[in-house]
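Asker: Sharing a sequence plus its predicted fold:
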Amino acid sequence: MPDLSTIVAEIAATMRAETARGTVADYIPELRRVSPDRFGIAVVTRDGEEIVGGDADEPFSIQSISKVFTLTLALGRVGDGLWKRVGREPSGDPFNSIVQLEHERGIPRNPFINAGAIAVTDVLLSGNRPREALGEILRFIRFVAEDEAIAIDEAVARSERETGFLNASLANYMRAFGVVQGQVEHVLGVYFHHCAIAMSCRHLARAGRYLAFNGRIPSLEAGIITPDRARRINALMLTCGHYDGSGDFAFSVGLPGKSGVGGGVLAVAPGTVSIAVWSPGLDAKGNSLLGRIALERLARAMQWSVFG
Ligand code: GLU
């Protein structure tokens, strides 16, 4: 088996030199400020060893990767009852599409497209004030990432609120069908803020350990969720984690993964490692271009695949 540290160092060096880097998201104006030259990678093993390369300690906007953590918390709160309000099928549509909502009476296809994540946020808000719901999300992320300093980038949250007209229409549409039940302004506020959490690759890879290791963080001896639930969240990441690029990600990388428009990707090789990569330039579907290429190389070199 090739040496993991050597492979990670090689990938970081190649990705740094790559000229075709995709396009940094600009529909959230604040995200445009990030340099496309950045590249970071972090891999965490079962015994807690951290192998990192490039800008692995630089925080970036996790955006939709936060949806994995809000889904985990919402399932903890309402269990399988969540699936009355959110589906579990890949959408085949862009992350912010409203088309399916009309056909399917306000029920979003899955918890990772924007509509689904907004419905999940509504579940976390129920019975809470926005500040409390956000506090719960942050506490969870800080715990699983083992870093109390993880915070929300307020400038990104503000920028998203000022331009989030599509997300506002999704939330209002679902409110009309009772899928969103709270005050739309509050639900959107919490959603924009959890998307604006800033984390580094190292933090993110640590945070993914409970998904990689059967719901547990082995080095902390902490049980976070049941093995069954971890398996199911991984299944959703594999089938829905990259929007209408999910099939291609499964085909080329072969691991459950969740992307965000900040250019991050969290992926897990179940039983083996949790991985985070970051490169801000996106492909046409809004997923990190070099992030996918880096994961494809890593998974192939190490022969990590959920498909055998
Ligand atoms: N906060 C972003 C939005 O709602 C998340 C999209 C993403 O990361 O894919 O537009």
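Answerer: That came through fine.
Asker: what does the stretch 151-300 of the chain have sitting close to the ligand?
Answerer: When proximity is defined by CB under 6 Å from any ligand atom, the stretch 151-300 of the chain lies next to the ligand at Glu160, Asn167, Cys195, Gly260, Val261, Gly286. For glycine as for every other residue, the C-beta is placed from the backbone atoms N, C-alpha and C.
Asker: Could you list which of the residues you listed belong to helices?
Answerer: The helices, defined by DSSP state H, take in Glu160, Asn167, Cys195 from these.
Asker: now the strands for the stretch 1-150 of the chain?
Answerer: Along the stretch 1-150 of the chain, the stretches classed as strands by DSSP state E, counting those that start in this stretch are 23-24, 40-45, 50-54, 60-61.
Asker: Can you tell me which of the ones you listed is most buried?
Answerer: strand 60-61 (a mean of 28; mean count of other CB atoms under 10 Å).
Asker: neighbouring strands for it, and are they parallel or not?
Answerer: When sheet partners are counted by DSSP bridges, strand 60-61 sits next to strand 197-199 (antiparallel).
Asker: follow-up on the earlier one: turn the residues of the stretch 151-300 of the chain next to the ligand into JSON lines, including neighbour count.
Answerer: Formatted as JSON lines, those follow (neighbours: other CB atoms under 10 Å):
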{"residue": "Glu160", "neighbour count": "23"}
{"residue": "Asn167", "neighbour count": "21"}
{"residue": "Cys195", "neighbour count": "29"}
{"residue": "Gly260", "neighbour count": "28"}
{"residue": "Val261", "neighbour count": "24"}
{"residue": "Gly286", "neighbour count": "23"}
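Asker: from these, which has minimum pLDDT?
Answerer: Scanning those for pLDDT, the low point is Gly286. It has 93.
Asker: In contact with it: list those residues for me.
Answerer: When contacts are counted by CB atoms under 8 Å, 6 or more residues apart in numbering, Gly286 touches Ala25, Pro94, Phe95, Tyr243, Gly245, Ser259, Val261.
Asker: If I follow the layout properly, the third one ends up in contact with Gly245?
Answerer: Right, Phe95. No. Checked against CB atoms under 8 Å, the pair Phe95 and Gly245 is beyond contact range at 9.7 Å.
Asker: related to what we said a few turns ago, could I get the ones in helices among the residues of the stretch 151-300 of the chain next to the ligand in TSV, plus columns for distance to Gly182?
Answerer: Shown next, in TSV, are those (distance: CB to CB, whole Å):
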residue	distance to Gly182
Glu160	19
Asn167	15
Cys195	17
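Asker: Strands of the stretch 151-300 of the chain, start to end?
Answerer: Counting by DSSP E, counting those that start in this stretch, one finds strands in the stretch 151-300 of the chain at the ranges 151-152, 197-199, 216-217, 222-223, 257-259, 264-269, 273-278, 281-282.
Asker: beta partners of the residue nearest to Ala9 when sequence neighbours are not counted?
Answerer: Spatially, and ignoring its direct neighbours in sequence, Ala9 is nearest to Gly53 (5.6 Å; CB to CB, 6 or more residues apart in numbering). Counting by DSSP bridges, Gly53 is bridged to Ile41.
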